[in-house]
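Visitor: here is my input; please provide its structure:
(one chain, ligands or ions: 1)
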Amino acid sequence: MSIDHHHGRTHRLDWDDPSIREWDCTVLWSDPADPEAGIVLDRSAFYPGGGGQPPDHGVLLWQGVQTRIVGTRKGDDLFLLPAPGDPVPAAGTSVRGALDDDRRTSLMRTHSGLHVLCGTVFRDFGALVTGGSMEPGEARMDFNLPEIPQGFKQLLEDAVNKEIAADRSIEVRYLDREAALAIPDIIRTQAVVPPDTPVMRLVDIVGLDVQADGGTHVATTTQIGRIQVTKVESKGRQNRRVRIKLTD
Ligand SMILES: [Zn+2]
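Guide: The predicted structure follows:
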């Protein structure tokens, strides 16, 4: 099995090591006449967005100026979008990349927290995920749960924080597609078609939850910190929306 940490022509440093925040690299492609076309690097730790996790922000530092990165655009390559009006480095320029650490670290904690939530709801209430979204420090997730059990909000908050306090290891593993899809409940989101790749990336909160996932996560559940369940709402007959936030 070969694990390819590339996205188009860009080597994904965030897949090598989600703790990387600064690195040296070279611009492979840009169009200084059309900044909105984006910037392609040979090596990048910018998470491009996907699987509910928003893209990273940060800067490229080069020749005494900076290019703020505010997002990405879809395409065959990992196209980083510069802030409007910022200078754009030409192809061949050596740059130093740096992520907005507060945003990325908060998104990692939030994303891992959502997996703990989803694993706990599945184990204790048997409900699948129907959708969700996250921002740094807060998130929502929808579950197929026809009845809201008595005391659900507090029971869930207590159960989630108990799993976090258990300091479970969060590991990234790669499996051949067939072997991955043989794991029961590996696709936890209803109606989501698994990615059409020969090798699947799995995020395993050991003993609680395994999911096919491309996002960035903290290394153990205690790094998530405490989670508050702020709201449980009914969104349709079957659908319950759970809102959470990080409290420290
Ligand atoms: Zn995820």
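Visitor: just checking, what packs against the longest helix along the chain?
Guide: In the chain, taking DSSP state H as the definition, the longest helix is helix 101-125. Using 3 or more C-beta pairs under 8 Å, 6 or more residues apart in numbering; DSSP states H and E as the contact criterion, the secondary-structure elements in contact with helix 101-125 are strand 129-135, strand 138-144, helix 152-165, strand 199-205, strand 209-212, strand 227-234, strand 239-246. Heads up, the C-betas are built off the backbone N, CA and C, glycines and all.
Visitor: would you mind writing the CA trace of stretch 225-245 as CSV?
Guide: Written as CSV, here are the backbone C-alpha positions of stretch 225-245 (Å, rounded to 0.1, in the frame of the first residue of the first chain):
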residue,chain,number,x,y,z
GLY,A,225,-10.4,20.4,26.6
ARG,A,226,-13.9,20.6,28.1
ILE,A,227,-17.0,20.6,25.9
GLN,A,228,-20.3,22.2,26.6
VAL,A,229,-23.5,21.0,24.9
THR,A,230,-25.1,24.4,24.4
LYS,A,231,-28.3,23.4,22.7
VAL,A,232,-30.4,20.5,21.4
GLU,A,233,-32.9,21.4,18.8
SER,A,234,-35.5,19.5,16.7
LYS,A,235,-34.9,20.0,13.0
GLY,A,236,-37.6,17.9,11.4
ARG,A,237,-39.3,14.7,12.5
GLN,A,238,-36.2,12.5,12.8
ASN,A,239,-33.5,15.1,13.0
ARG,A,240,-31.9,16.5,16.2
ARG,A,241,-29.3,19.3,16.1
VAL,A,242,-26.7,19.3,18.8
ARG,A,243,-24.6,22.5,19.3
ILE,A,244,-21.3,22.3,21.2
LYS,A,245,-18.5,24.7,22.2
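Visitor: now do the buried residues in that stretch.
Guide: Applying a neighbour-count criterion of 16 or more other C-beta atoms under 10 Å, the buried positions in stretch 225-245 are 225, 227-229, 239-242, 244-245.
Visitor: cool, stretch 160-177 as well?
Guide: Of the residues in stretch 160-177, those buried by neighbour count under the rule 16+ other C-beta under 10 Å are 160-161, 163-164, 168, 170, 172, 175.
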